[in-house]
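J.: Compute the structure for the input listed below.
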Amino acid sequence: MKEHYEPKFVEKLFDKMSSSYSRMNYITSFGFSERWRKECVNEIDLSHGKVIVDLLTGMGECWKFIDKNADKTAKIIGLDFSTEMIKKAEKNKSKFKNREIELLRENVFENSIKSNSADSVISGFGLKTFNNKQLERLAIEINRILKTNGNFSLIDVSVPKNNMLKGFYMFYLKYIIPILGKLFLGNSEAYKMLGRYTTEFENSKNVKQIFEKQNFKVEYVAYFYGCASGIKGTKTN
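T.: Below you'll find the predicted structure:
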């Protein structure tokens, strides 16, 4: 396995970026990261679910959109293996005093969430850090924790197909973002990895094919001319 897909490498990378990740995510996506998270959550119906799992939750950036759409009594379970991200998420919980939120600092492949317990699964901007074998394990894990007829929506940044947009976007990811990372974090190397992950990930079409091997009805979704993409679907049995 390439080093940058090793769980320990990814965990340390996000620990390093935790202090600036929220600002950087917003700046580097020209503010679209918030819009894309909202659209990702809006792709599926959360109004009747009682347990909603936010995998790779980071600092809980998707919670405000989940909170708005979900049943008032629904519980959010946020899972991430980055210690520093979970610390930020713990602070973020204070903004949701009327919502039950449980945080788990666990690896997504070795988590304590009960089988067939979740009505919905959400994940924002974590897919690109997995290789194909890990994506297969992710699909198996989501299949395990979802109830029958449960739904999911996953999203990540992608490489657009339009050549002009692609050229600008990839230049920005590979060269401008590391400079901003140097300014905010004092370290450009961590943010160089975002460009590398995105280049290798390309888009979510491969993710769709992998998830179709499980008990899922899956749709591919493109956002803003392919600058982000994702999948949404339902566990059929």
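
J.: Just the residues contacting stretch 135-143, thanks.
T.: Where contact means CB atoms under 8 Å, 6 or more residues apart in numbering, the residues beyond stretch 135-143 that reach it are 55, 108-109, 111, 121, 127, 130, 152, 206-207, 210-211, 213-216, 235. C-beta coordinates here come from the backbone N, C-alpha and C atoms, glycine included.

J.: Sitting in strands, which of those do you find?
T.: Among those, the members falling in strands are 55, 121, 152, 216, 235 (criterion: DSSP state E).

J.: how about the nearest residue to residue 48 once chain neighbours are set aside, phi and psi?
T.: In space, not counting the residues next to it along the chain, residue 48 is nearest to residue 71; the distance is 6.3 Å by CB to CB, 6 or more residues apart in numbering. Listed backbone geometry of residue 71 is phi -60, psi 140, with angles given as degrees, to the nearest 10.

J.: contacting residues around residue 71?
T.: Taking CB under 8 Å, 6+ apart, we find residue 71 in contact with 46-50.

J.: Buried members of those into ChimeraX, please.
T.: Taking 16 or more other CB atoms under 10 Å as the burial criterion, the selection of buried members of the contacts of residue 71 in ChimeraX is written as:
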select :46,49
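
J.: what's the closest of the contacts of residue 71 to residue 192?
T.: For the contacts of residue 71, the closest approach to residue 192 (CB to CB) belongs to residue 46, at 35.5 Å.

J.: Give me the distance between that closest one and residue 127.
T.: In this view, residue 46 and residue 127 are 20 Å apart by CB to CB, to the nearest Å.

J.: what about the strands in this structure?
T.: Assignment of strands within the chain using DSSP E yields the ranges 51-55, 75-80, 101-105, 118-124, 146-157, 216-223, 228-235.

J.: got JSON lines for the ones you listed, with distance to residue 94 too?
T.: What follows is the strands of the chain, written out as JSON lines (distance: least, CB to CB, whole Å):
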{"stretch": "strand 51-55", "distance to residue 94": "17"}
{"stretch": "strand 75-80", "distance to residue 94": "14"}
{"stretch": "strand 101-105", "distance to residue 94": "10"}
{"stretch": "strand 118-124", "distance to residue 94": "21"}
{"stretch": "strand 146-157", "distance to residue 94": "26"}
{"stretch": "strand 216-223", "distance to residue 94": "30"}
{"stretch": "strand 228-235", "distance to residue 94": "29"}
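
J.: export those strands to TSV and tack on mean pLDDT and distance to residue 177?
T.: Supplementary listing: the strands of the chain in TSV, determined by pLDDT from 0 to 100; distance: least, CB to CB, whole Å:
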stretch	mean pLDDT	distance to residue 177
strand 51-55	98	24
strand 75-80	98	22
strand 101-105	98	27
strand 118-124	98	18
strand 146-157	97	11
strand 216-223	97	19
strand 228-235	97	15
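
J.: so which of the ones you listed gets nearest residue 19?
T.: Of all these, it is strand 75-80 that lies closest to residue 19, at 15.4 Å by CB to CB.

J.: Show me the contact partners of the closest one.
T.: Contacts to strand 75-80, defined as CB under 8 Å, 6+ apart, come from residues 14, 50-58, 60, 63, 66-67, 70, 86, 89, 96, 99-106, 108, 111, 113, 118.

J.: returning to what we had before: out of the strands of the chain, flag the one nearest residue 176.
T.: Set against residue 176 and scored by CB to CB, the strands of the chain come closest in strand 146-157, at 14.2 Å.

J.: which ones are touching the closest residue to residue 203 other than its chain neighbours?
T.: If you skip the residues right next to it in sequence, residue 203 has residue 158 as its closest partner in space, 4.0 Å away by CB to CB, 6+ apart. Contact partners of residue 158, counting by CB under 8 Å, 6+ apart, are 198, 201-204, 222, 226-229.
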